[in-house]
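**Q** Below are the sequence and a predicted model; questions follow.
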Amino acid sequence: MASRAVRPVAAVVRKGLRSAARNQPRVRGMMAAVARELARALDDDVYGASYFGSGRDPLDRMGLSGYERYDRDSSNANVAAYLVWRWFEVTRTLDVGCATGFVVEALREVGIDASGVDVSQYAVERAAEGARGHIAYGDLTRRLHVPDRSYDLVTVLETLEHLPPSAVHHAVEELRRVTRGYVVATIPSFGPNHNGPGGWFNAKVRDERVPHYQSLGPGFRGPIPYDDLYRDARGEPIEGHLTIASFDWWTERFTEAGFLRCDRVERAMHPHLARFGLTKYWNLYVFRVPGAAEPGPDVRTPEEITAREAQWGLDRRRAAAEDLQAVALALGRTSGAG
């Protein structure tokens, strides 16, 4: 955003350019071409307008894109904000990979000073109404423009899988740098999960290669080689997913960066993910830095929880019976773990 000192100069320049564009068709054409090239330079090659559904056939990603109908409910932003609000006593949060900022908007509604960053300039410029002024460009493969330890909690939802395996170490280190408390992540994963239902290879690995990876057994950690990643109708990795690995592999990456996995709160959250119909779609991780308390029971009263679920329509979501069963089996199996 231009500073106050620059704005008067910018206004004069803008007025002159507007006059030239109106009176000289050749100049107008040149300005339009420059504007298009500047927009292309600013925006990301993958996460531009077409990624968010603009001018795209909704079927070209095999019906797996969440962006054919993208709003706070279909993006599950309300669920993400609910998890943070219900289980964490935090005041300042950052959503990395925030897209248009629906999670930021929801958290700000409940009094949390939430911000967001995203690699898509297209998304940032189309911020949700309640997130405007609170989200900015940020690339997790580089250094985020935020001070060290400046957030109580960082969310990184359906984001890390978009990075190539070679970039994951730096990205997780960067998450460690900016948080002074917690990270809540959802990452498409496969294999056993000691805090809830495990993950699978379907829709993450090319169909014809699924039997091969299943044959490797629970000890296989990944990541899946690029050539075996699931593809959309155009032959590109589905939704730009580049790193598909096991729960153990991802946990190890966070452990290397100095995080501790929060087993108890993950297990507390899973029955609610099932209630909200997300067991099949969200592979959940919660981490804390050493010195941050292990999240415990709800930080909200039952009355507050009931009211919030009604406000955000979460009480109207319905779980599939198999999801409830999967969570019950997983939690029964892990109930003795520390």
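**A** Everything's here; your move. Numbering: from 1, shown residues only.
**Q** residues near the nearest residue to Asp228 once chain neighbours are set aside, how many?
**A** Leaving aside its chain neighbours, Asp228 sits nearest to Arg209 (4.8 Å; criterion: C-beta to C-beta, 6 or more residues apart in numbering). In short, each C-beta sits where N, CA and C put it, glycine included. Arg209 is flanked by 16 other residues according to other C-beta atoms under 10 Å.
**Q** so where's the stretch 1-150 of the chain uncertain?
**A** The stretch 1-150 of the chain contains residues with pLDDT under 70 at 1-70.
**Q** For Thr93, what is the enclosing helix or strand?
**A** Assigned by DSSP states H and E, Thr93 falls within strand 92-96.
**Q** Which elements pack onto that strand?
**A** helix 102-109, strand 113-118, strand 151-157 (3 or more C-beta pairs under 8 Å, 6 or more residues apart in numbering; DSSP states H and E).
**Q** Provide the strand pairings for it, with the direction of each partner.
**A** strand 113-118 (parallel), strand 151-157 (parallel) (DSSP bridges).
**Q** Just want the angle from the last one to helix 102-109.
**A** Right, the one you point to is strand 151-157. 140 degrees (axes from the mean of the first three to the mean of the last three C-alpha atoms, to 10 degrees).
**Q** Check the shortest one too.
**A** Counting by the same axes, to 10 degrees, strand 113-118 lies at 170 degrees to helix 102-109.
**Q** Export strand 113-118 to PDB, keeping only CA atoms.
**A** These are the backbone C-alpha positions of strand 113-118, laid out as PDB (Å, rounded to 0.1, in the frame of the first residue of the first chain):
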ATOM      1  CA  ASP A 113      -6.300 -10.800  15.800                       C
ATOM      2  CA  ALA A 114      -5.900 -13.000  12.700                       C
ATOM      3  CA  SER A 115      -3.800 -12.300   9.600                       C
ATOM      4  CA  GLY A 116      -2.900 -14.400   6.500                       C
ATOM      5  CA  VAL A 117      -0.400 -14.700   3.700                       C
ATOM      6  CA  ASP A 118      -0.700 -16.500   0.400                       C
END
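**Q** which element follows that strand toward the C-terminus?
**A** Heading C-terminal from strand 113-118 (DSSP H and E), you reach helix 121-124.
**Q** circling back to that earlier point, just put the strands paired with strand 92-96 in CSV and tack on distance to Pro192 and mean neighbour count.
**A** Below are these laid out as CSV (distance: least, C-beta to C-beta, whole Å; neighbours: other C-beta atoms under 10 Å):
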stretch, distance to Pro192, mean neighbour count
strand 113-118, 32, 24
strand 151-157, 22, 24
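**Q** Just send those strands back as TSV, with distance to Glu174 too.
**A** Output for the strands paired with strand 92-96, formatted as TSV (distance: least, C-beta to C-beta, whole Å):
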stretch	distance to Glu174
strand 113-118	11
strand 151-157	10
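**Q** So for Trp250, which of these sits nearest?
**A** strand 151-157 (11.2 Å; C-beta to C-beta).
**Q** Can you show me the CA trace of the helix or strand following the closest one as CSV?
**A** Following strand 151-157 in sequence order, the next helix or strand is helix 165-178 (DSSP H and E). Extracted in CSV, the C-alpha atoms of helix 165-178 (Å, rounded to 0.1, in the frame of the first residue of the first chain):
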residue,chain,number,x,y,z
PRO,A,165,9.8,-32.3,-1.2
SER,A,166,13.0,-30.3,-1.5
ALA,A,167,11.2,-27.2,-0.2
VAL,A,168,9.5,-28.8,2.8
HIS,A,169,12.4,-28.5,5.3
HIS,A,170,12.7,-24.7,4.8
ALA,A,171,8.9,-24.2,4.9
VAL,A,172,8.6,-26.0,8.3
GLU,A,173,11.6,-24.2,9.6
GLU,A,174,9.9,-20.9,8.6
LEU,A,175,6.7,-22.0,10.5
ARG,A,176,8.9,-22.6,13.5
ARG,A,177,10.4,-19.2,13.2
VAL,A,178,7.2,-17.2,13.2
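**Q** Report the buried residues of helix 165-178.
**A** By 16 or more other C-beta atoms under 10 Å, the buried positions in helix 165-178 come out as Pro165, Ala167, Val168, Ala171, Val172, Glu174, Leu175, Arg176, Arg177, Val178.
**Q** And stretch 123-132, by the same measure?
**A** Result for stretch 123-132 [16+ other C-beta under 10 Å]: buried residues Ala123, Val124, Ala127, Ala128, Gly130, Ala131.
**Q** ok, the residues you listed vs Val110, which is closest?
**A** So of these, ranked by how close each gets to Val110 (C-beta to C-beta), first place is Gly130, at 11.1 Å.
**Q** May I have the phi/psi pair for Tyr285?
**A** Main-chain torsions, Tyr285, degrees, to the nearest 10: phi -140, psi 140.
**Q** what bridges to it?
**A** Residues in a beta bridge with Tyr285, per DSSP bridges, are Ala185.
**Q** what about it, neighbour count?
**A** Applying other C-beta under 10 Å, we find 23 other residues in the vicinity of Tyr285.
**Q** got a list of what it touches?
**A** Tyr285 sits next to Val183, Val184, Ala185, Thr186, Ile187, Phe247, Trp250, Thr251, Phe254, Arg261, Glu266 when contact means C-beta atoms under 8 Å, 6 or more residues apart in numbering.
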